[in-house]
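**Q** take a look and give me a structure for this.
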Amino acid sequence: MEQPRGGWSSEVAKPTPASGYDIKYGHGLLASESGDWPDYLVVTTPSALRAATPFLSKRPSGSTFVRTLDWNHLDRAEARLTGGAMVVGIGGGMALDASKYIALKRGLPLVLVPTLVSTGAIIHGHVAKWEGHRIIGSSEQWPWRDFEDILVDYD
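**A** The predicted structure is shown next:
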């Protein structure tokens, strides 16, 4: 399996800057792209999954809902997932950041599908370390996960 492009320390390598990502925009992207995805896992929230499900060409093999970015919570969410050759983050910043963490832990490719246009999670790969409702450390110490695709589907 190919190693993820992300890493655990900015001291070792650098994440891709926002300008380095090719963001796909358009109608019908989720339907057309998801038909070609391998067995995939979804990291999301209930409302985001409800919004995206009608547009998916094939169903994920598993999904997990996140309600916080606390790393203990994310570890439990990741442990509930089985299988999958790829991770798809669907939702706002919390779901997208959680999908980066889970994809990095599993060493799997990552696709982001934002359901909010206000989130910066689609243009940065860092995953802040959260303990409860507090951020620990700084971006130089946090992991990051570069993504394969970012799909902004107008539908």
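**Q** tell me how many other residues crowd the spatially closest residue to K129 that is not a sequence neighbour.
**A** Once flanking residues are discounted, K129 sits nearest to I136: 4.5 Å by Cβ to Cβ, 6 or more residues apart in numbering. Where you see a C-beta, it was placed from the backbone N, CA and C, and this is true even at glycine. I136 sits with 12 neighbouring residues when counted by other Cβ atoms under 10 Å.
**Q** from T45, how far off is I136?
**A** 23 Å (Cβ to Cβ, to the nearest Å).
**Q** is the residue lying closest to P60 once chain neighbours are set aside bridged to anything, and to what?
**A** Of all residues not flanking P60 in the chain, V42 sits nearest, at 4.4 Å (Cβ to Cβ, 6+ apart). Per DSSP bridges, the residues bridged to V42 are S63, V88.
**Q** residues contacting V42?
**A** For V42, the contact set (Cβ atoms under 8 Å, 6 or more residues apart in numbering) comprises 49, 60, 62-64, 87-90.
**Q** can you tell me how far it is from G92?
**A** 14 Å.
**Q** need phi/psi at G35.
**A** Note on G35: its backbone torsions stand at phi -70, psi -20 [degrees, to the nearest 10].
**Q** use 58 as the first number for this chain going forward.
**A** Will do, 58 is the new start, and the previous item becomes G92.
**Q** now it: closest residue in space that isn't a chain neighbour?
**A** Of all residues not flanking G92 in the chain, S114 sits nearest, at 3.6 Å (Cβ to Cβ, 6+ apart).
**Q** thought L86 was touching the one you found, still the case?
**A** No: under the criterion of Cβ atoms under 8 Å, S114 is not in contact with L86, lying 11.0 Å apart.
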